[in-house]
Every structure is written in C-alpha cells, then in structure tokens.
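# Curious how this folds, go ahead:
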Amino acid sequence: MPRHLAILIILAVTQITGWGAVGVLPVIARPVAEEFGATLPEIFLGSSVMFVAMALAAPWAGRGFRRFGTRQAMAAGAAAIGLGLLLLAAAPGLAAFWAAWALLGVAGALFLTTAAYAYLAEVAEDAARGLIGTLMLATGLASSVFWPVTAFLEHAIGWRGAAGLYGAAMLLLVAPLVRLGLPAAGAATAAPGASGMARPGKIFGLLVAAIALNSFVTFGIEALGITLLQAMGAELPAAIAIASLLGVFKVGGRVIDLLGGQRWDGLSTGLVAGGMIPLGLAAIGLGGAGWLPVGLFLLLFGLGSGAFAVARATMPLVFYSRGDYAAAMARIALPMNLINALAPPALAALLSGIGPQAVLALLGALSLGAFALLLRLRMLRGRAAGGSGYSAKR
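You can find the predicted model right below:
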C-alpha cells in the first residue's frame with residue numbers, strides 16, 4: 001500500500017497538472033480572440049481539434065504503451081504537451097493556434113487519463129480498480145485548481161505568458177517526475193496477433209457502443225447544461241447553480257463506486273449508473289425546471305454519470321487481461337474522444353432546431369440504448385466460464 005500510495009500521489013499531481021494545463025481555453029479564450037481578431041467559436045474550435053487529434057492518435061498510443069512501456073510513453077507525452085503549450089504561447093495566428101491544439105491532442109493520447117489508467121492496471125494488479133477510481137476523483141479537481149490560477153496568470157503576464165509557464169512546467173517538472181518518480185511497469189512483449197485484442201469481437205463492440213452512447217449524453221450535458229436549463233426557463237444564476245451542483249453530485253457518484261470496494265465490479269457499477277442516467281433525464285424532461293424535477297435530475301443523473309465515469313475506465317478489466325487493458329482502453333478512446341468533440345456542437349445545433357424537450361428525449365433514448373447494451377454484456381459474461389479476465393475474442 002505505501003508503494004501504491006506513492007504512485008497514486010505522483011499520478012494525481014501530474015494528471016491534475018496536465019489536464020489543468022490543457023484546460024486553459026475557457027479562461028483565455030476572450031483575450032486570444034481579441035488579439036487574433038477572431039470569434040469565440042473559432043477560438044473554442046481549438047478544444048475540438050484537440051479531442052479529434054487525441055482520438056485519432058489513441059490506437060497509435062496503445063501500440064506505444066505495449067512496445068515501450070506505459071511510463072516511458074507517459075513521460076514522452078508530458079514533454080510533448082509542454083512543447084505544444086510553448087507553440088501555443090508563440091502562435092502568431094489561428095493556423096498555428098489550431099496546430100498547437102492538434103499537438104496537444106496527440107500528446108494527450110500518450111499522457112492523459114487512458115495512459116494513467118493503463119499504468120495502474122500494469123503495476124497495481126488487483127488494486128487497480130480502486131486506484132483508478134481514486135485517481136479519477138483527484139483529477140476532477142483540475143479545473144477547480146487551475147482556472148483561478150490561470151485567471152491570475154493571464155491578468156499578471158498575459159495568456160501567452162500563462163501558456164508558456166505551463167509548457168515549461170510540463171517539460172521541466174512533470175515529464176521528469178513521471179520518468180524518474182514512477183517505477184517501471186515493463187513493456188508487453190507479446191507477438192503481434194497473440195493478444196486477445198488482435199481481433200476485437202462482439203464484446204468489444206458492445207462495450208465501445210455503450211461507452212460512446214453514454215459519453216455523448218454526459219459530455220453533452222456537461223458542455224451545454226447551462227444553455228439547456230436556460231432554454232427550459234431557468235434564470236442564468238439558477239442555471240449556473242444547478243450546473244455547479246451537478247459536478248458535486250458527480251463526485252458523489254464516484255465515491256459510491258469506491259465504497260463498493262471489491263463487492264462489485266466495473267460492469268455492475270456501469271449497469272446501476274446506466275439505469276440512473278435515463279431516469280434523471282426523464283425527471284427534468286417531463287417535470288421541467290422546477291425544484292423537485294431538478295432535484296431528481298441532480299440525484300439520479302449526477303450520481304449516475306459520476307459512477308459511470310468510473311465504470312467507463314474499469315469495465316474493460318472485467319473482460320480483458322491486464323496485459324490487454326492498455327490496448328483496449330486506447331481503442332475505446334478513439335470513438336469516445338470523437339464523441340466528446342462532436343457532442344457540444346451537435347447538441348447546440350439540435351437545441352436551436354428542435355428545442356430542449358426534444359433534445360432531452362433524444363438523450364434519454366441514447367442512454368436507454370446504452371443500458372440495453374450493458375444488459376447484453378452482463379448476459380454474455382454470465383454465459384462465459386471463469387468470470388472476469390477472460391479473452392474478449394468472442
């Protein structure tokens with residue numbers, strides 16, 4: 001446990017720093033737009049570019065984890081994030097600005113979230129699931145820590161100075177801490193085609209589809225929640241308060257999963273959470289923006305989406321060996337990050353076209369589809385001999 005605690009602390013510090021450094025756009029967008037003479041949507045396109053690049057680089061990153069070891073890949077990714085932030089700080093215009101975000105996306109595929117979970121699966125064995133959930137709780141603090149700091153730095157040294165400072169920190173502090181502070185986990189040596197991930201089958205398809213559908217729902221609500229609530233008649237201060245409380249309930253959902261310990265696995269968490277999400281959407285969709293339906297929405301959707309965030313990272317451990325976990329997560333990251341890039345603009349367009357009630361109905365239908373896929377996964381697991389850890393070539 002002391003060894004695992006030290007690993008967890010290093011990962012928490014470096015992941016919070018990494019996500020905080022690449023999450024500066026909501027704070028610096030306006031001064032960047034003013035300097036470039038661009039619109040805010042053009043500036044926020046940088047975030048979509050990052051997620052698309054992260055998605056496209058995910059399978060390549062998974063091969064890097066297996067060939068070179070996750071720790072080495074993470075150190076390289078942290079350094080590349082530093083370079084991307086320095087490019088961002090020096091960008092003379094929109095083209096270089098977007099190019100910097102593309103580099104940040106490729107680097108993030110090597111360093112952010114998926115890499116950290118894969119590393120824990122390699123070094124922590126049976127304790128991996130609990131450590132992943134704990135790390136997820138910690139990294140949820142990234143924006144809370146870095147947005148105020150970024151606002152202070154932007155006021156003191158400008159947005160370029162803030163991006164350059166974060167870039168230097170990633171290069172000179174985070175990358176060396178990952179490379180020298182984390183114990184080596186070892187690279188996988190299986191020959192090509194020997195892994196259960198070589199030809200993903202039915203289970204992998206169901207897993208990816210369920211995760212992608214719920215990611216579209218939860219990420220879309222997170223991005224457009226305030227606008228959606230306003231469209232339903234809530235005043236701006238109330239919409240902001242509800243959206244802020246939703247984050248608190250999401251943390252509560254992650255805590256609930258942690259309290260379960262070894263009594264249930266990631267699929268069990270996913271089933272419970274996947275059932276709560278459509279119920280929460282139905283509460284606010286049918287009841288409107290009154291306090292009772294909003295309270296039910298916060299309780300059901302908030303706890304459910306928070307718990308599903310944990311399940312998303314731990315469900316692959318039910319079906320794949322720890323040696324295949326990194327490859328599975330890298331493959332899952334491709335559609336998931338594309339969904340994360342697509343959800344906000346797609347829902348914004350739908351909101352203006354069909355209205356908030358229809359958008360909530362659509363999201364509810366997608367979440368019910370995800371729940372049905374999770375039920376199918378449970379049936380397949382029940383038929384398989386040997387419980388968790390079996391090959392997913394089915």
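# Pull up the gap between Gly233 and Thr227, please.
13 Å (Cβ to Cβ, to the nearest Å). In short, each C-beta sits where N, CA and C put it, glycine included.
# repeat for Gly302
Taking Cβ to Cβ, one finds Gly302 at 18 Å from Thr227.
# just Pro237 next, same as before
According to Cβ to Cβ, Pro237 and Thr227 sit 14 Å apart.
# Same question for Pro345.
Taking Cβ to Cβ, one finds Pro345 at 12 Å from Thr227.
# so which helix or strand takes in Val178?
Val178 belongs to helix 175-181 when elements are defined using DSSP states H and E.
# tell me how far stretch 219-231 is from the chain's mean position?
Averaged C-alpha coordinates place stretch 219-231 at 18 Å from its chain's average position (Cα atoms, centre = their mean, to the nearest Å).
# tell me which residues of that stretch are tucked away?
The neighbour-count check on stretch 219-231 (16 or more other Cβ atoms under 10 Å) flags 219-231 as buried.
# now stretch 232-243
Going by neighbour count (16+ other Cβ under 10 Å), the buried part of stretch 232-243 is Met232, Ala234, Ala238, Ala239, Ile242, Ala243.
# Ala12 reaches Leu135, doesn't it?
Yes. Between Ala12 and Leu135 there is a contact at 6.0 Å, judged by Cβ atoms under 8 Å.
# which of those two has more neighbours?
It is Leu135, of Ala12 and Leu135, that has more neighbours when counted by other Cβ atoms under 10 Å, with 22 against 18.
# so who does the spatially closest residue to Pro176 that is not a sequence neighbour touch?
With Cβ to Cβ, 6 or more residues apart in numbering as the criterion, Pro176 has its nearest non-adjacent residue at 7.8 Å, and that residue is Ala75. Neighbouring residues of Ala75 by Cβ atoms under 8 Å, 6 or more residues apart in numbering: Ala175, Pro176, Val178, Arg179.
# Based on its surroundings, how many neighbours for the last one?
In this case it means Arg179. 16.
# Show the pLDDT at it.
On pLDDT, Arg179 comes in at 94.
# Which residues belonging to stretch 63-77 are considered buried?
Gly64, Phe65, Arg66, Gly69, Thr70, Arg71, Gln72, Ala73, Met74, Ala75, Ala76, Gly77.
# Farthest-apart pair in those, please.
Arg66 and Ala75 (16.1 Å; Cβ to Cβ).
# before we move on, which element is Glu35 in?
Applying DSSP H and E, one finds Glu35 within helix 25-36.
# Please save the CA atoms from that helix in PDB.
Taking C-alpha atoms only, helix 25-36 is exported to PDB below (Å, rounded to 0.1, in the frame of the first residue of the first chain):
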ATOM      1  CA  LEU A  25      -9.100  27.700 -23.100                       C
ATOM      2  CA  PRO A  26     -12.300  28.700 -21.200                       C
ATOM      3  CA  VAL A  27     -10.200  31.200 -19.300                       C
ATOM      4  CA  ILE A  28      -8.000  32.600 -22.100                       C
ATOM      5  CA  ALA A  29     -10.500  32.400 -25.000                       C
ATOM      6  CA  ARG A  30     -11.600  36.100 -24.900                       C
ATOM      7  CA  PRO A  31      -8.200  37.700 -24.800                       C
ATOM      8  CA  VAL A  32      -7.000  35.300 -27.500                       C
ATOM      9  CA  ALA A  33     -10.000  36.200 -29.700                       C
ATOM     10  CA  GLU A  34      -9.300  39.900 -29.200                       C
ATOM     11  CA  GLU A  35      -5.700  39.600 -30.100                       C
ATOM     12  CA  PHE A  36      -6.300  37.500 -33.200                       C
END
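# So which residues make contact with that helix?
By Cβ under 8 Å, 6+ apart, helix 25-36 touches 38-40, 42-44, 46-47, 93-94, 97, 147, 150-151, 154, 158-159, 162-163.
# Isn't Ser305 up against Gly270?
No. Between Ser305 and Gly270 there is no contact under Cβ under 8 Å: 11.6 Å.
# for the helix or strand hosting Leu374, packing partners?
If you go by DSSP H and E, Leu374 is part of helix 356-383. Of the remaining helices and strands, those touching helix 356-383 by 3 or more Cβ pairs under 8 Å, 6 or more residues apart in numbering; DSSP states H and E are helix 202-231, helix 266-287, helix 316-319, helix 322-354.
# low pLDDT regions in the protein?
By pLDDT under 70, the weakly predicted segments of the chain are 1, 126, 186-200, 259-262, 323, 382-394.
# Kindly state the domain boundaries assigned to it.
2-181, 202-383 (automatic domain parsing).
# now the longest one: how far from the chain's centre is it?
So the one you mean is domain 202-383. Centre-to-centre, domain 202-383 and its host chain are 12 Å apart (Cα atoms, centre = their mean).
# Return the member of the buried residues of stretch 232-243 nearest to Thr17.
Nearest to Thr17 among the buried residues of stretch 232-243, with distances taken as Cβ to Cβ, is Ala243, at 24.9 Å.
# hang on, the closest one packs against Thr227?
No. Ala243 lies out of contact with Thr227 (Cβ under 8 Å); the separation is 9.7 Å.
# tell me the contacts of the spatially most central residue of the chain?
Geometric centre of the chain, nearest residue: Thr113, 6.8 Å, by Cα atoms, centre = their mean. Taking Cβ under 8 Å, 6+ apart, we find Thr113 in contact with Gln15, Trp19, Thr139, Ala313.
# Let's see if you can find the most crowded of those residues.
Going by other Cβ under 10 Å, Ala313 tops the contacts of Thr113 with 27 neighbours.
# Surely it touches Tyr117?
Yes. Contact criterion Cβ under 8 Å: Ala313 and Tyr117 qualify, at 5.1 Å.
# Give me the residues contacting the host helix or strand of Ala307.
According to DSSP H and E, Ala307 maps onto helix 303-314. With contact meaning Cβ under 8 Å, 6+ apart, helix 303-314 is reached by 113, 117, 129, 132-133, 136, 211, 214-215, 217-218, 221, 249-254, 256-258, 265-267, 269-270, 272-277, 279-280, 329, 336.
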